[in-house]
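K.L.:
Here is a sequence together with a model predicted from it:
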Amino acid sequence: MKLRLILLISIGLFVSSSVYSQDIHFTNYSYSPLYLSPAKTGSFPGTYRIGVNFRDQFSSFIVNPYQTFMAYGDMSFAVGLKPHHWIGAGINVFADKAGDLNFQNNGVLLSLAYHFAFDPKYKTILTLGFQYGITRKSINSDNYNSEELFRTGSDPDMDLLDGFNPTVGDLNIGIALKKWTSKNAYFDVGVSLYHLMQSEYAFTGSTTQNSVATRLNVYGEYHVQTTKLLALKPRVVYARINDFQNLFGQLNLEYRLNKKSSTILKGGIGYRADDAVQFLVGVIYNGWDVGLAYDLTVSSAARFNNNFGGIEIGIKKIFVIKKAPKIKPVVLCPKL
């Protein structure tokens with residue numbers, strides 16, 4: 001019983017640490033906007049949008065690194081209280097695993113956002129967004145080792161791991177403000193709260209409840225088209241969950257090859273406080289937007305990962321469906 005209690009406490013601390021400090025995060029949220037804020041749902045110039053993002057972290061020094069896959073799709077509907085209002089609806093699915101025991105979070109989130117444009121020219125837009133979904137947690141005991149397992153070939157405490165597969169609900173909200181400050185520049189700021197339900201779960205054989213802590217996201221983006229070929233996009237993102245926080249700033253650039261070309265080259269650099277320098281590159285070709293991000297660890301963790309913190313690759317595309325206008329037939333009087 002004593003060993004079982006120690007195992008329960010150890011697993012609990014591991015999972016709590018993963019939930020709090022390793023709640024899914026990305027370097028380039030451009031490829032996972034619905035996870036930055038539900039208010040990002042339907043916030044794009046087009047009919048519908050799809051995208052995927054994959055992150056690999058700590059693969060340089062652990063056998064089973066932290067890996068996150070996320071895919072999303074959202075649409076815009078010309079429905080609202082006024083002609084210049086619209087609704088966005090979307091879905092976000094993710095699979096995240098960490099460590100030798102493959103602690104996994106697999107989930108799906110449904111999003112809905114209402115966009116209030118204050119004027120017919122869409123110069124100022126206020127957005128309210130909501131998300132609801134479920135997350136299933138699990139642990140793979142294949143890599144579990146213990147003295148009992150080594151001596152006898154079996155360990156009853158493995159039941160604690162094999163029986164761990166709770167499903168918890170999730171409720172997230174977000175608010176955003178987008179405003180054009182000139183013909184060629186706008187800013188986009190927002191706040192979101194994740195895990196508002198603070199769902200609880202327990203391990204098999206334990207009465208101790210572990211709660212999913214609320215996460216705060218705050219972001220600010222500025223877009224300015226300095227010339228017909230060059231655009232600057234600085235960004236700041238802050239996230240906090242319990243005593244763990246994540247703050248980074250980036251300067252992103254987009255360069256169009258020529259005035260008639262639709263191909264755009266992208267690059268940027270950023271810094272995550274007390275952690276890593278971020279490098280970003282990408283290209284937009286025939287509407288497909290592909291980006292690569294790399295984290296160079298500069299904290300004390302560099303001793304273990306040789307400065308290789310993480311790498312991400314993202315792909316997205318916006319589709320525009322043009323509908324032909326419906327023209328009412330004109331019937332001419334034969335007597336005229």
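P.N.:
Great, that's in hand.
K.L.:
Tell me what G51 is bridged to.
P.N.:
Beta-bridge partners for G51, by DSSP bridges, are Y72, K316.
K.L.:
how close does it sit to N210?
P.N.:
Remark: distance between G51 and N210 (CB to CB, to the nearest Å) = 31 Å. For the C-beta atoms, the positions are set from N, CA and C on the backbone; glycine is no exception.
K.L.:
Next: Y29.
P.N.:
Separation of Y29 from N210 (CB to CB): 27 Å.
K.L.:
can you check N102 too?
P.N.:
Distance from N102 to N210, counting by CB to CB: 18 Å.
K.L.:
So those two - more neighbours on which side?
P.N.:
Taking other CB atoms under 10 Å, N102 and N210 do not tie; N210 has more neighbours (19 against 15).
K.L.:
burial of the nearest residue to that one once chain neighbours are set aside, as a residue count?
P.N.:
Spatially, and ignoring its direct neighbours in sequence, N210 is nearest to Y201 (5.7 Å; CB to CB, 6 or more residues apart in numbering). When counting by other CB under 10 Å, one arrives at 17 neighbours for Y201.
K.L.:
Then E200?
P.N.:
Neighbours around E200, by other CB under 10 Å: 12.
K.L.:
and it, what are its phi and psi?
P.N.:
The phi/psi pair for E200 (degrees, to the nearest 10) reads phi -120, psi 150.
K.L.:
Quickly list what it is bridged to.
P.N.:
S211.
K.L.:
For it, give its distance to P166.
P.N.:
Taking CB to CB, one finds E200 at 9 Å from P166.
K.L.:
Please apply the same query to Q57.
P.N.:
As judged by CB to CB, Q57 and P166 stand 24 Å apart.
K.L.:
Please say which of those two ends up with more neighbours.
P.N.:
The neighbour comparison of Q57 against P166 (other CB under 10 Å) goes to Q57, with 22 against 16.
K.L.:
All the helices of the stretch 101-250 of the chain, in order from the start?
P.N.:
Ranges of helices in the stretch 101-250 of the chain, per DSSP state H, counting those that start in this stretch, are 147-152, 158-162.
K.L.:
need the contact list for the residue nearest to N210.
P.N.:
By CB atoms under 8 Å, 6 or more residues apart in numbering, the contact set of Y201 is K137, P166, V168, Q209, N210, V212.
K.L.:
neighbours around the last one, how many?
P.N.:
Same thing as V212. 24.
K.L.:
So it sits against Q198, correct?
P.N.:
Yes: V212 lies in contact with Q198 (CB atoms under 8 Å); the separation is 6.0 Å.
K.L.:
What strand or helix carries the residue nearest to the spatial centre of the chain?
P.N.:
The chain has Y35 as the residue nearest its centroid, 3.2 Å off, counting by CA atoms, centre = their mean. Using DSSP states H and E, Y35 sits in helix 33-36.
K.L.:
now for that helix, which elements pack on it?
P.N.:
Applying 3 or more CB pairs under 8 Å, 6 or more residues apart in numbering; DSSP states H and E, one finds that helix 33-36 contacts strand 66-77, strand 86-98.
K.L.:
quick one: the last one to strand 66-77, angle?
P.N.:
Taking axes from the mean of the first three to the mean of the last three CA atoms, to 10 degrees, one finds that strand 86-98 is oriented at 170 degrees with respect to strand 66-77.
K.L.:
In strand 86-98, which residues are buried?
P.N.:
W86, I87, G88, A89, G90, I91, N92, F94, D96, K97, A98 (16 or more other CB atoms under 10 Å).
K.L.:
do the same with the shortest one
P.N.:
Within strand 66-77, the residues that count as buried by 16+ other CB under 10 Å are Y66, Q67, T68, M70, A71, Y72, G73, D74, M75, S76.
K.L.:
Test my guess that the first one contacts K97.
P.N.:
If I follow you right, that is Y66. Yes: with contact defined as CB under 8 Å, Y66 and K97 form a contacting pair (7.4 Å).
K.L.:
got the residue ranges for the strands in the stretch 51-200 of the chain?
P.N.:
For the stretch 51-200 of the chain, strands defined by DSSP state E, counting those that start in this stretch occupy the ranges 66-77, 86-98, 103-117, 124-138, 167-182, 185-194, 200-201.
K.L.:
wait, which of those strands is closest to Y222?
P.N.:
Nearest to Y222 among the strands of the stretch 51-200 of the chain is strand 185-194; the distance by CB to CB comes to 4.7 Å.
K.L.:
what packs against the closest one?
P.N.:
When contacts are defined as 3+ CB pairs under 8 Å, 6+ apart, strand 185-194 packs onto strand 167-182, strand 215-225.
K.L.:
is the nearest residue to Q245 once chain neighbours are set aside in a bridge, and if so with what?
P.N.:
Leaving out its chain neighbours, the residue that sits closest to Q245 by CB to CB, 6+ apart is A239, at 6.7 Å. Beta-bridge partners recorded for A239 (DSSP bridges): N217, N246.
K.L.:
A239 and L216 touch, don't they?
P.N.:
Yes: using CB under 8 Å, A239 makes contact with L216 at a distance of 6.7 Å.
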